[in-house]
Each structure stands twice: as structure tokens, then as C-alpha cells.
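*Asks:* Predicted model and sequence follow; I will ask about them next.
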Amino acid sequence: KDTKSLLLGGREMTDWLEKETGYKFEIQIPMSYVAVVEALGSKKVEIAYLNTTTYLMARDKYGVEVHFISINTDGTSNYKGQFITRTDSKIKTLHDINGRKMAYVDPTSASGYILPAFQLKSMNVKPKEEVFAGRHDAVVAMVYQRQVDAGATYYAIPENGKIMDARHLVEAQFPDVA
């Protein structure tokens with residue numbers, strides 16, 4: 001997720017926790033999910049927002065438990081991913097990614113690497129080159145600017161005709177990204 005969304009969601013959560021417990025909470029946005037896992041393990045952090053992969057890592061390494069889950073605006077708790085490419089690309093199916101340059105988010109991202117890479121591998125699709133952009137918005141920008149042929153990011157259902165997936169993170173910079 002982007003920093004703005006994390007801060008907004010974090011503020012909602014801390015407001016609720018402060019009301020329910022009387023304790024005060026501080027919101028911090030780390031540089032990586034792995035840093036969050038280590039902060040949980042060293043007890044520098046008590047509560048954290050984790051993606052699927054880093055939750056499993058934190059659970060296995062430090063016994064971290066889930067007490068809250070995110071609920072989407074459609075009432076579900078699923079998390080979806082997508083493959084993206086330019087509309088003027090010759091890529092029309094996942095098989096067309098074969099021999100092309102592919103951008104992923106991060107090795108720990110379920111929607112931005114693990115699941116899409118697994119899907120391509122299971123289809124015997126082999127990109128010529130794979131790069132990690134570090135963030136979902138960076139993957140979108142790389143595809144938009146033709147630095148890569150395709151990318152994998154999170155997906156969210158549009159709301160009121162407005163895109164809510166990773167492309168919305170760069171709409172100010174690239175107004176025609178949709």
C-alpha cells in the first residue's frame with residue numbers, strides 16, 4: 001500500500017485502540033516489511049500491518065499472532081493482484097510475457113511477486129529479465145515509461161468509476177495511466 005493509505009488506516013486503528021484501551025500509540029512507516037518483522041521480534045513494535053508473506057515470516061520466526069484483519073470496501077478480506085502492461089503493448093495474454101522484461105514489487109510481496117511469479121512459472125512462461133522495483137507505484141511507473149514490458153501489482157475494485165489499484169498511486173504524475 002502507499003504511505004498515505006497506511007497513515008490513514010493506521011490513524012483509524014490507533015484512534016480506535018486509544019479509545020478502547022486508554023493507551024497512546026505512535027504510527028511509523030518503515031522502509032520495508034522485513035524491518036517490521038525484525039522490529040516485532042526485538043519488541044520495538046507491538047502492533048504492525050503486515051502483508052501475507054511477512055506475517056508468515058513473523059509467525060514462524062517470532063510467534064506473531066493475527067488479531068485484526070483488513071476488510072475491503074466490498075466487505076471481503078481477500079487481497080488480489082494483477083498483471084499490467086501498456087495498452088499499446090503486443091502483450092495480450094500471460095504467455096506473451098515470455099522473453100520480455102517483467103517488473104515485480106519485492107521478493108516478499110504476495111501480489112507483487114510470489115503469486116504472479118508462481119503463476120508464470122506454472123504456465124512455463126519465462127521472462128527474459130525480471131527486476132524488483134521496491135514499491136507498487138514504481139512497478140506502474142516502469143511499465144508506463146516503457147522501462148519494462150509488464151509488471152505485477154496489487155488490484156482493488158474500482159469505486160465510483162475511479163481506479164483504486166496500484167495505478168491510482170501515479171495518477172497525479174501520469175493522468176492517463178488508466
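*Replies:* Arrived safely.

*Asks:* what's the spacing between the spatially most distant residue from the centre of the chain and Gly161?
*Replies:* For the chain, the residue at maximal distance from the C-alpha centroid (CA atoms, centre = their mean) is Gly22, at 31.8 Å. Computed as CB to CB, to the nearest Å, the Gly22 to Gly161 distance reads 42 Å. Where you see a C-beta, it was placed from the backbone N, CA and C, and this is true even at glycine.

*Asks:* pretty sure Leu17 is touching Ile27, no?
*Replies:* No. Contact criterion CB atoms under 8 Å: Leu17 and Ile27 do not qualify, at 11.0 Å.

*Asks:* Please report phi then psi for Glu159.
*Replies:* phi -120, psi 130 (degrees, to the nearest 10).

*Asks:* And the residue nearest to it when sequence neighbours are not counted, which helix or strand is it part of?
*Replies:* For Glu159, ignoring the flanking residues on the chain, the nearest one in space by CB to CB, 6 or more residues apart in numbering is Thr73 at 6.2 Å. Under the criterion DSSP states H and E, no helix or strand holds Thr73.

*Asks:* residue contacts, Ser77?
*Replies:* Contact analysis of Ser77 by CB atoms under 8 Å, 6 or more residues apart in numbering lists 69-71.

*Asks:* surely Gly41 meets Arg59?
*Replies:* No. Applying CB under 8 Å as the test, Gly41 and Arg59 come out as separate, 11.1 Å apart.

*Asks:* one step back: ok, the residue nearest to Glu159 - how many residues close by?
*Replies:* 9 (other CB atoms under 10 Å).

*Asks:* thought it was touching Asn160?
*Replies:* No. Using CB under 8 Å, Thr73 is not in contact with Asn160; the gap is 10.4 Å.

*Asks:* Need the residues that contact the element among helices and strands of the chain having the smallest mean pLDDT.
*Replies:* Lowest mean confidence among the helices and strands of the chain (mean pLDDT, DSSP states H and E): helix 3-21, at a mean of 84. For helix 3-21, the surrounding residues in contact (CB under 8 Å, 6+ apart) are 1, 23-27, 29, 47, 49, 68, 70.

*Asks:* distance between it and the chain's centre?
*Replies:* On the basis of CA atoms, centre = their mean, to the nearest Å, helix 3-21 sits 19 Å off its chain's mean C-alpha point.

*Asks:* Next SSE downstream of it?
*Replies:* Next along from helix 3-21, by DSSP H and E: helix 33-41.
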